[in-house]
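> sequence? don't have it. structure:
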């Protein structure tokens, strides 16, 4: 293989990234630099991206070790807003735990929790206007909770039952809510990024005041779509916030396979000349403040911002995944940035507006609310019985009007129904 | 009414739609100030403004992806992909996203976009400016595929595509932008101005999708073609003194199966002609459909005349192209039973 003429050169070697810890390893996070809360400067939203590039490598933090909100990024939210933020995140976690178990009990095929990452969607959505358009990935259920979506509707979708407004077509958790400005979740990675930019371009071209926000994981920043979106966003100065949820793991591939060994994900924006922020994703106040900054920048026609939310995927990728086979269980316990719900809870206690008793009571209420929603949704059926939706719905919405070939196939499916399920009553369309 | 070549007809259709509907926007490589490498968008930026017709980065994924987002906002984008050969970086956005938005969101979000793209060979474009990838798109549930063959049809079909609320792939046969083509590369092109099909209304009109056009009625054999090959097939039929019925499909999805079925049942023979590669080409689908629906009326095996299963060659373009010799032999074989 080697060219003889070059034999005096040392052989090349290929670098294959390897995470620091594997199952059973003692976890030592001393390599992660945790910046002091409150120490990061907050520039005016009109700053030129080149003059704020330090923030792409820093870590914006508001909540300090004593649970106080400190520094220029403190959004100075009132108690009521903070309590709503806490309750929303707690509700998301309770929902995730319950629905995960529903999957384990065979009531549906699939579920994805966002445990540990609640702030990156809940606090971010709270910092946006309700009219702003969200282009989520699959782990942003927090947006729906922040915008007041019905849990029963969510469970109907997860169970693919007869009240599922997506007609049982989508994998569980791939929600859609036009009413709440929540774009239909794809499942293909980062396709929503250029779409969000296109939506923002349209809003700008119409002289609208609404902005767009998109979310993707750090792993999928490697997709071409991410770079297409970054290019379009900067070329057209689109009013869009591009969130990268760096939760360290893309199924079993650690962030090094998306380039984390070399630089931060926020630094992707620097090369594009885009405002770039790197934020402690487990600090709900920092997430809120960064989103608020980026939203103001976008809304005042000063262009896009990329925000890296540095966080940790505390649980499995999905119900089809077992992280104990590729990463150390200690990682979660030792994660140096803690847990977003616990941190906000302690902050509110420190502020004197909350107590452990109230937290306990709230948690119970959240669990009860989910139980009630699951019970209600289960009345509409659970996945697996195949007859929740009229067969014809399988062929609807492929096109606005059903062409002849789909009509023929729909007739065939209906004939098969009589053979496959002779005793079942056909659901009414 | 004006005399227009196909480019002018497409330009006129875009202009009409931009005038009628302020949500119609055009985006693509070189489409803005310059007016497109084939001039299809010439003058549109000047007339309708920079935010209605503008250049894009060289990134087809971004072009299609952004167009989906624009459609979700409420615009009606008409992105241009400069050559069909360049569409592949945008394929995921078309196949996994645009095609399925309506379905996966149960109608909450739609992708009312028309992707225009010049396709097909015969212009010495080599393997990166000559492909006919239409079959890939017909294979995707949720996409419509439209291919015009005359200036009149191009404008009417384009307007119907833009007004359609589903994503449409609109392939323009660039070999016949300036005039129809009989398959003889060494003969000069006769300009569209010499043909009736170049008489195009200046105002808005539609040719509904899913309607084929019988361009030459006949009794002995049905020839199914679209785009450039309609003209080549028609010319070959005349040369061979065979009374063929030539059908221009115009829309591959949705397909006008009734016109095809009626014709083949009448003639008892079917020849399918396309420029695209043979294996899994759209001709395979047509052949299967005709066999399923007209088997007991057939008097000869269905024949396919296609491009070869190779990349589109540069210097051997006219050896590759399914021209008069290949079509003529197939016609003789199917009608007169001659061995090829």
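It's in. Note that this is a predicted model, so its numbers are computed, not measured.
> Look up how far chain A lies from the closest residue to residue B:82 other than its chain neighbours.
Nearest residue to residue B:82 in three dimensions, chain neighbours excluded: residue B:29, at 4.8 Å (C-beta to C-beta, 6 or more residues apart in numbering or on different chains). In this view, the C-beta of every residue, glycine as well, is placed from N, C-alpha and C. Distance, residue B:29 to chain A, by C-beta to the nearest C-beta, to the nearest Å: 12 Å.
> Sheet partners, orientation included, of the strand or helix carrying residue B:215?
Element membership for residue B:215, per DSSP states H and E: strand B:213-216. Strands that pair with strand B:213-216, judged by DSSP bridges, come out as strand B:244-248 (antiparallel).
> what sits up against the partner strand?
B:149, B:153, B:212-226, B:230, B:233-234, B:237, B:259-260, B:263, B:266-267, B:271, B:331, B:335 (C-beta atoms under 8 Å, 6 or more residues apart in numbering or on different chains).
> Return the list of helices and strands in contact with the strand or helix carrying residue A:374.
Assigned by DSSP H and E, residue A:374 falls within helix A:356-378. Taking 3 or more C-beta pairs under 8 Å, 6 or more residues apart in numbering or on different chains; DSSP states H and E as contact, the helices and strands that helix A:356-378 lies on are helix A:79-104, helix A:151-159.
> Give me the pLDDT for the residue nearest to residue B:82.
pLDDT recorded at residue B:29 is 98.
> ok, now which ones touch it?
Residues counted as contacts of residue B:29 (C-beta under 8 Å, 6+ apart) are B:37, B:55-56, B:58, B:63, B:80, B:82.
> Residue B:233 now?
Here residue B:233 is in contact with B:223, B:225, B:244, B:246, B:271, B:273, B:327 (criterion: C-beta under 8 Å, 6+ apart).
> Burial check on the residue of the stretch 151-300 of chain B found nearest chain A, number of neighbours?
Nearest residue of the stretch 151-300 of chain B to chain A, counting by C-beta to the nearest C-beta: residue B:254, 3.9 Å away. Per other C-beta atoms under 10 Å in any protein chain shown, the neighbour tally for residue B:254 reads 21.
> thinking it is in contact with residue B:210, fair?
Yes. In this structure residue B:254 lies within contact range of residue B:210 using C-beta atoms under 8 Å: 3.9 Å.
> Chain B: helices as residue ranges?
With helices called from DSSP state H, chain B shows them at B:6-20, B:44-48, B:60-73, B:91-92, B:101-104, B:134-138, B:151-163, B:228-239, B:257-267, B:282-294, B:317-320, B:324-336.
> okay, the ones you listed in CSV with mean pLDDT next?
Compiled in CSV, those are given as follows (pLDDT from 0 to 100):
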stretch, mean pLDDT
helix B:6-20, 98
helix B:44-48, 98
helix B:60-73, 98
helix B:91-92, 98
helix B:101-104, 98
helix B:134-138, 98
helix B:151-163, 98
helix B:228-239, 97
helix B:257-267, 98
helix B:282-294, 98
helix B:317-320, 95
helix B:324-336, 96
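> Pick the most deeply packed of the ones you listed.
Comparing these by mean neighbour count (mean count of other C-beta atoms under 10 Å in any protein chain shown), helix B:60-73 ranks first with a mean of 29.
> what comes up buried for stretch B:191-207?
By neighbour count on 16 or more other C-beta atoms under 10 Å in any protein chain shown, the buried set for stretch B:191-207 is B:192, B:195, B:197-198, B:200, B:204, B:206-207.
> Would you mind pulling the contact partners of it?
The list of residues contacting stretch B:191-207 from outside it, by C-beta under 8 Å, 6+ apart, reads B:1-6, B:8-9, B:12, B:16-17, B:20, B:150-153, B:155-157, B:159-160, B:163, B:178-180, B:250.
> now the strand ranked longest in chain B against helix B:228-239, angle please.
Longest strand of chain B, by residue count under DSSP state E: strand B:270-277. Orientation of strand B:270-277 against helix B:228-239 (axes from the mean of the first three to the mean of the last three C-alpha atoms, to 10 degrees) gives an angle of 140 degrees.
> any idea how far the residue of the stretch 151-300 of chain B closest to chain A lies from residue B:122?
Distance, residue B:254 to residue B:122, by C-beta to C-beta, to the nearest Å: 27 Å.
> Mind putting the helices and strands packed on helix A:356-378 into CSV with mean pLDDT, distance to chain B and mean neighbour count?
Converted to CSV, the helices and strands packed on helix A:356-378 look like this (pLDDT from 0 to 100; distance: least, C-beta to the nearest C-beta, whole Å; neighbours: other C-beta atoms under 10 Å in any protein chain shown):
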stretch, mean pLDDT, distance to chain B, mean neighbour count
helix A:79-104, 98, 20, 20
helix A:151-159, 97, 10, 24
